[in-house]
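Chemist: here you go, sequence then predicted model.
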Amino acid sequence: MTIKIYNTLTREKEEFRPIRQGEVRMYVCGPTVYDYTHIGHARTYIAFDVIRRYLEHKGYNVLMVMNFTDIDDKIIRRANETGEDPKELAEKFLRYFLEDMKALKVKPADIYPRVTEHIKDIIEFVEKLQERGYAYEGSDGVYFEVLKFKDYGKLSRVNLEELVKGARVEPGEGKKNPEDFALWKKAKPGEPKWESPWGEGRPGWHIECSTMSTKYLGESFDIHGGGNDLIFPHHENEIAQSEACTDHEWVRYWMHTGFLMVNGEKMSKSLGNFITIREALERYDPEVIRLFVLQRHYRSPLDYTEDGIEHAKNNLERLYNTLENIRVAMEKAEISFKWGSGEFEAYEAIREAKTGFYGAMDDDFNTAEAMKAVFEASNAVNRYLSRVETPKESVLRKAWEFFRIVSEVFGIFEDYFREKKAGNEEALIKLLIDVRTQLRKERNFALADRIRAELREIGIRLEDGPRGTVWKRMRV
Ligand code: AMP
Ligand code: ZN
């Protein structure tokens, strides 16, 4: 089945047809690195991670680029406040960002271009705009002349007349028209600066993304994304710059994520209502955060509440429990010479869940619906296990393989599937179980309970049942 993507440009779900067959070139606007990354950012980056993972899962070769804004007004302001060198400040938070993404199991982009390493490319881009008559030099910088670009507003659908009326020229700004935006800013005393044909200065914000995405992905590419707040002016301006340069369509599909909200407001640095990824990871497993994000469709707003996170935590626990149920059952499962109604019922439920999962993901990456299918499969396999004496391996394998797909796409259970079940570890746990059984027979419950409690501490749970004791690896 083909994937459908909601394109912000057309406000419609469209069939996804990449420019080059079998390949997806995508660019996601990266962070401005002047502070710790918060879970609002995580919402957006986890969403795009799963989009990318799904495209890869479907067999596409994905080339993904994400920029780092490592010089801009906010960085300079913050550096002035803390007395740090802006370059070092940006470097520090850039490293933290990469660490946070790794902790959240977000796959790294293929290329992370940084503004400060692409100044020459940016200058060339601005020169080209100037040559083509879209840019002019003012007293304090180089500006893009918005009214020269006839398609301005096509993404955000801003009303150009109102924009022109509403825009103001700030005191000291050297632009001709209030709606124009800066491509290059001439340096003020003490600010970081680079040589350019317009004197020393630094790039504006929007031009970096046009330049660096085009440099690595070409003059036309498939997907460009970011949070909703970037539609205007950032992405609108990016389109103006890029298409003014080439006179042809730049990006095929524009994708935007809804905000992570706190008490009805966007989680943001400026409002101060944020929780950093580091803080969140002290309290929750990264997979709980991923599941929390994926329980909503990426375009819908997502409310941050303790309840919501707890819900995700319980759900993740349920899924791990199912995986362990399957793993334990596999040990005693048998090859089938016959299938009864129980097998057919379980098989049908798992088959339907899998179809549901792909259908939901194909429908504009609807992880919320896909998640429902995952739980349907989980319930079905648990129901099957509770009903049959000796499960059939083939049925369990269907469920197991489905969960492996979920793992790959959602970026959860990965360590679980990767872990080589070390022979020694299993043997030692079995030995402890035997010793504990013996201790209980001898009514030494204190020591028997201690073995169980301490195993729990290291993530091994013992469960006593009519057929003896089984053990499970716990994650959360
Ligand atoms: P910034 O560093 O503020 O430019 O943000 C980097 C990315 O995170 C952008 O794509 C933003 O749209 C996105 N973002 C920031 N805050 C939130 C939020 N509360 N919810 C979802 N995405 C966000
Ligand atoms: Zn950007």
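Modeler: Here it is on my side, so go on. Residues are numbered from 1 along each chain as shown. Ligands and ions are numbered 1, 2, ... in the order given.
Chemist: show me the helices in the stretch 251-400 of the chain, by range?
Modeler: For the stretch 251-400 of the chain, the helices defined by DSSP state H, counting those that start in this stretch occupy 277-283, 286-294, 306-332, 341-362, 367-387, 393-410.
Chemist: mind putting those helices in CSV, distance to ligand 2, mean neighbour count and mean pLDDT included?
Modeler: Backbone N, C-alpha and C define where each C-beta goes, glycine included. Shown next, in CSV, are those (distance: least, Cβ to the ion, whole Å; neighbours: other Cβ atoms under 10 Å; pLDDT from 0 to 100):
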stretch, distance to ligand 2, mean neighbour count, mean pLDDT
helix 277-283, 21, 16, 97
helix 286-294, 21, 24, 98
helix 306-332, 29, 17, 96
helix 341-362, 26, 18, 98
helix 367-387, 24, 19, 98
helix 393-410, 26, 19, 98
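Chemist: now render the ones you listed as JSON lines, adding distance to ligand 1.
Modeler: JSON lines is the format used below for the helices of the stretch 251-400 of the chain (distance: least, Cβ to the nearest ligand atom, whole Å):
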{"stretch": "helix 277-283", "distance to ligand 1": "12"}
{"stretch": "helix 286-294", "distance to ligand 1": "10"}
{"stretch": "helix 306-332", "distance to ligand 1": "14"}
{"stretch": "helix 341-362", "distance to ligand 1": "21"}
{"stretch": "helix 367-387", "distance to ligand 1": "15"}
{"stretch": "helix 393-410", "distance to ligand 1": "18"}
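Chemist: quick one: these as a markdown table, columns for distance to residue 117 too.
Modeler: Listed next are the helices of the stretch 251-400 of the chain as a markdown table, based on distance: least, Cβ to Cβ, whole Å:
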| stretch | distance to residue 117 |
| --- | --- |
| helix 277-283 | 25 |
| helix 286-294 | 30 |
| helix 306-332 | 37 |
| helix 341-362 | 36 |
| helix 367-387 | 34 |
| helix 393-410 | 33 |
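Chemist: now do the buried residues in the worst-scoring helix or strand of the chain on mean pLDDT.
Modeler: Counting by mean pLDDT, DSSP states H and E, the weakest-scoring helix or strand in the chain turns out to be helix 160-166, with a mean of 83. By neighbour count on 16 or more other Cβ atoms under 10 Å, the buried set for helix 160-166 is residue 163.
Chemist: swap in stretch 192-209?
Modeler: Those would be 192-194, 196, 198, 201-209, for stretch 192-209 by 16+ other Cβ under 10 Å.
Chemist: please apply the same query to stretch 13-24.
Modeler: 14, 16, 18, 24.
Chemist: show me which of the residues you listed is closest to residue 161.
Modeler: Nearest to residue 161 among the buried residues of stretch 13-24, counting by Cβ to Cβ, is residue 14 at 29.3 Å.
Chemist: confidence score at that closest one?
Modeler: As predicted, residue 14 sits at a pLDDT of 98.
Chemist: what bridges to it?
Modeler: When assigned by DSSP bridges, residue 14 has beta-bridge partners residue 5.
Chemist: what's the local residue count around residue 104?
Modeler: Using other Cβ atoms under 10 Å, residue 104 has 22 neighbouring residues.
Chemist: also the one 5 residues further on?
Modeler: Applying other Cβ under 10 Å, we find 23 other residues in the vicinity of residue 109.
Chemist: grab the nearest non-local neighbour of it.
Modeler: Nearest non-adjacent residue to residue 109, counting by Cβ to Cβ, 6 or more residues apart in numbering: residue 66, 4.0 Å away.
Chemist: and the one you found, what is it in contact with?
Modeler: For residue 66, the contacting residues are 27, 28, 29, 30, 109, 111, 112, by Cβ atoms under 8 Å, 6 or more residues apart in numbering.
Chemist: can I have the very next helix or strand once past the least confident helix or strand of the chain written out in CSV, keeping just the CAs?
Modeler: Remark: after helix 160-166, the chain's next helix or strand is strand 181-186, criterion DSSP states H and E. Provided in CSV are the C-alpha atoms of strand 181-186 (Å, rounded to 0.1, in the frame of the first residue of the first chain):
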residue,chain,number,x,y,z
PHE,A,181,13.4,39.8,6.4
ALA,A,182,17.1,39.5,7.0
LEU,A,183,19.4,37.3,5.1
TRP,A,184,22.6,38.7,6.5
LYS,A,185,23.1,40.8,9.6
LYS,A,186,26.0,43.2,9.9
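Chemist: got a list of contacts for strand 181-186?
Modeler: 122-123, 126, 129, 135, 139-144, 146, 175, 196, 198-204, 206-207, 233, 237, 241.
Chemist: can you list the weak-confidence ranges in this structure?
Modeler: 420-423, 476 (pLDDT under 70).
Chemist: around ligand 2, pick out the residues from it.
Modeler: Contacts of the chain with ligand 2, taken as Cβ under 5 Å from the ion, map to 29, 209.
Chemist: domain ranges for the chain?
Modeler: Here the domain assignment for the chain is 20-303, 306-418, 423-473, based on automatic domain parsing.
Chemist: tabulate the buried residues of stretch 192-209 (CSV), appending secondary structure.
Modeler: Shown next, in CSV, are the buried residues of stretch 192-209 (DSSP: H, G, I helix; E, B strand; the rest coil):
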residue, secondary structure
192, coil
193, coil
194, strand
196, coil
198, coil
201, strand
202, strand
203, strand
204, coil
205, helix
206, helix
207, helix
208, helix
209, helix
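Chemist: I'd assumed residue 62 was in contact with residue 217.
Modeler: No. Counting by Cβ atoms under 8 Å, residue 217 does not reach residue 62; the two are 11.3 Å apart.
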